[in-house]
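S.K.: When you get a sec, could you give me coordinates for this:
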Amino acid sequence: MRAHIINCSEEILNSFLNEGFIAVGVATPKENTSGSKRAALFANYSMIADMKAVKRGDIIFIHVGQKIHGIFEAATEFLENPDCSRFYKSENLKYALWENNRTFPAEHFVRQIAIKPHKDLCFEKGFDSEEVFKLKSAGKVWTVPDRWKYTDASRTVRPLTPIEANELKTILLRENVEGNLRTFSPKDLSGFNKLSLMLEPQDSGKLANEKILESWILDNLTLNGDNQSEYENITRTIGRCDYFGNNIPAFYLNFIDIFGYVEKDEEILKYKVIELKRDGLTDSNWNSDKNELKQLINYLDWVVKIKAKGDSKKVEGVLVAKRFSDKYKHYVKERSKVESGNRIRLVAYDVEENRGQFNVKLNLID
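M.R.: Numbers count the residues shown, from 1 in each chain. As a prediction, this is how the structure comes out:
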C-alpha cells in the first residue's frame, strides 16, 4: 500500500470532491528571463515526479488549510487535460520551446487525478494538520519534513509510508466516531492523456534534468499494463520495490531521491536508498566535496541507524548516473569484498531512440 498527502486550497476543495477529482496546476515563469523560465521548468519536472509516484488504488489524504481530510483512493493515475496550452503539455516542457515565449497564460486543473472514497473511511470532517507534527515529535512520522508547514508550490503531492498512513487514519477515526461519511463518484477522465516525459537527450546524450530520470523510474517501478520491458529493466538493475516514495527527508535539509523497501507478509526485508545523477560521475566528482557516493553512504548509514535498527545488511544503496569513472567502480568493487553490511549498486542510464521515440535503458555496472 502506498499513501500520499495532496495539497489543495480551501475554496475549491468542495467543487473538486463534488466532481470526484483533484487537480494540480503548472509552474509558470515569474519573469521573462532565462533563469525564471528554467526555474519554472524545474518546478514542473519536480511536480511531475511527485505525480508519477501516485498509482491507481493508492490512498490519499488531502491537506486543506489547517485541516487534513480523508481517506480517499486514487481511481486513476494523474492525467493531463488535452485542452491545456501547448506550453504546458508535459511533452513540451523544454527550454527550446519556452525560450522565446514572453507570456504564459494562467491555467488551472491542467493535471488531474480521479478519486473516490476509500472503503467506509471517507468522512466529512477532517482533523487539525498540527496533529501530524505531534506524530513527528513522537517519532511516528518522518517522511513529512518540517518545512511542510510552509508554502512549497512545487510539492503538491507528498508520500507517506503505510505505517504513517495508519497513524493518520487513527486520528481521523477518533475525530469521526459519529460517522458522517462522505460519498461521491470519481470523475471520468477517459478523455485525458497520460503524463509524458521529456526524454529527448540533451548534451552528451544526457536527460535535460535529473527529475526526468526520477519520473521515469517512479513511473516504471510498478507494472501498469504497457511497461513490461521498462519494469523488467528496473527490477534487473535497481531491484524490486514494494513501497517507494521520492524526496524523502533524511537528516537536516537532506533528502533521499527515492526511498523504498521490499516486504513479505508486511515485514520489511530490505530498505533501498536510490540516488540519481543526470551527469556522468568522473574523477573530478570523486575528488570534490560533493562526492555523490559519499552522500549515498551517509544516507545508508542514516537508514541503518534510524530505520533498520543497526542491521546494515537490511539496507541497500543504488546510485544511478550517466556513467561512472573507474574510481567509482573500483571503490564499490573493493567495498563489497570487505563490507559485511549494505550492498551498493552502480547503474548507468542511456537514452535510446526508436522511430523518433525516446526511452531510458538502465545497465547494472558489475
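
S.K.: next one: phi and psi at Tyr45?
M.R.: phi -60, psi -40 (degrees, to the nearest 10).

S.K.: and the gap between the closest residue to Leu135 other than its chain neighbours and Ile171?
M.R.: Of all residues not flanking Leu135 in the chain, Val141 sits nearest, at 4.2 Å (Cβ to Cβ, 6 or more residues apart in numbering). C-betas here are computed from N, CA, C, even on glycine. Val141 sits 11 Å away from Ile171, going by Cβ to Cβ, to the nearest Å.

S.K.: same thing with Val110?
M.R.: 32 Å.

S.K.: What distance separates the opening and closing residues of stretch 317-331?
M.R.: Stretch 317-331 has an end-to-end distance of 14 Å (Cα to Cα, to the nearest Å).

S.K.: name the helices or strands packed onto the helix or strand of the chain with the lowest mean pLDDT?
M.R.: Using mean pLDDT, DSSP states H and E, helix 283-286 stands out as the lowest-scoring helix or strand of the chain, at a mean of 78. Other elements packing on helix 283-286 under the criterion 3 or more Cβ pairs under 8 Å, 6 or more residues apart in numbering; DSSP states H and E are helix 326-338.

S.K.: Pull the residues that contact the helix it packs on.
M.R.: For helix 326-338, contacts defined as Cβ atoms under 8 Å, 6 or more residues apart in numbering pick out 281, 283, 286, 293, 319, 343-344, 346, 365.

S.K.: Next step: these restricted to helices.
M.R.: Of the positions in the contacts of helix 326-338, 283, 286, 293 sit in helices, assigned by DSSP state H.

S.K.: How about the second one: what's its closest non-neighbour residue?
M.R.: The shortest distance from Trp286 to any non-neighbouring residue, by Cβ to Cβ, 6+ apart, is to Lys327 (4.6 Å).

S.K.: Check the one you found and give its pLDDT.
M.R.: The model reports Lys327 with a pLDDT of 89.

S.K.: do the one 10 residues further on as well
M.R.: On the pLDDT scale, Lys337 is placed at 75.

S.K.: quick one: it from Arg343, how far?
M.R.: Distance of Lys337 to Arg343, given as Cβ to Cβ: 12 Å.

S.K.: Which one of those two is surrounded by more residues?
M.R.: Ranked by neighbour count (other Cβ atoms under 10 Å), Lys337 and Arg343 place Arg343 first, with 17 against 6.

S.K.: So for the more buried one, what's the pLDDT?
M.R.: For Arg343, the model assigns a pLDDT of 88.

S.K.: Next, it: phi, psi?
M.R.: As for Arg343, its main-chain torsions (degrees, to the nearest 10) stand at phi -90, psi 150.

S.K.: My understanding was that it contacts Lys314; is that so?
M.R.: No: applying Cβ atoms under 8 Å, one finds Arg343 not in contact with Lys314, separated by 10.9 Å.

S.K.: Output the below-cut-off pLDDT ranges for the stretch 101-250 of the chain.
M.R.: Counting by pLDDT under 70, the stretch 101-250 of the chain contains low-confidence ranges at 146-155.

S.K.: can you do 80?
M.R.: Residues of the stretch 101-250 of the chain that meet the criterion pLDDT under 80 lie in 145-155.

S.K.: quick one: the strands in the stretch 201-350 of the chain?
M.R.: 243-249, 255-264, 267-276, 315-321, 344-354 (DSSP state E, counting those that start in this stretch).

S.K.: any chance you could map the helices in the stretch 1-150 of the chain?
M.R.: Assigned by DSSP state H, counting those that start in this stretch, the helices in the stretch 1-150 of the chain fall at 10-19, 34-52, 95-98, 130-137.

S.K.: which of those sits most buried?
M.R.: For the helices of the stretch 1-150 of the chain, ranked by mean neighbour count under the definition mean count of other Cβ atoms under 10 Å, the leader is helix 34-52 at a mean of 20.

S.K.: hmm, who's touching that one?
M.R.: In contact with helix 34-52 (Cβ under 8 Å, 6+ apart) are residues 24, 26-30, 77-78, 88, 90, 93-95, 98-99, 104, 111, 113, 153-158, 195, 197, 209, 211-212, 214-215, 218-219, 246-247.

S.K.: contacting residues around Ile258?
M.R.: 214, 217-218, 241, 244-246, 248, 272-274, 276.

S.K.: Same list, the residues you listed, but as TSV with neighbour count and distance to Ala40 please.
M.R.: As requested, the contacts of Ile258 are arranged in TSV below (neighbours: other Cβ atoms under 10 Å; distance: Cβ to Cβ, whole Å):
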residue	neighbour count	distance to Ala40
Glu214	26	18
Ile217	29	23
Leu218	23	21
Cys241	24	30
Phe244	21	27
Gly245	21	24
Asn246	25	20
Ile248	23	24
Lys272	24	31
Val273	28	30
Ile274	26	26
Leu276	22	21
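
S.K.: Which one of the residues you listed is nearest to Val360?
M.R.: Ile217 (8.2 Å; Cβ to Cβ).

S.K.: Next one: the closest one from Leu223, what distance?
M.R.: Using Cβ to Cβ, Ile217 is found at 14 Å from Leu223.

S.K.: and Leu168, what is it in contact with?
M.R.: 61, 68, 70, 132, 135, 160.

S.K.: Dig out what the second one forms beta bridges with.
M.R.: Note on Ile68: beta-bridge partners His63, Phe127, judged by DSSP bridges.

S.K.: Nice, that's everything, thank you.
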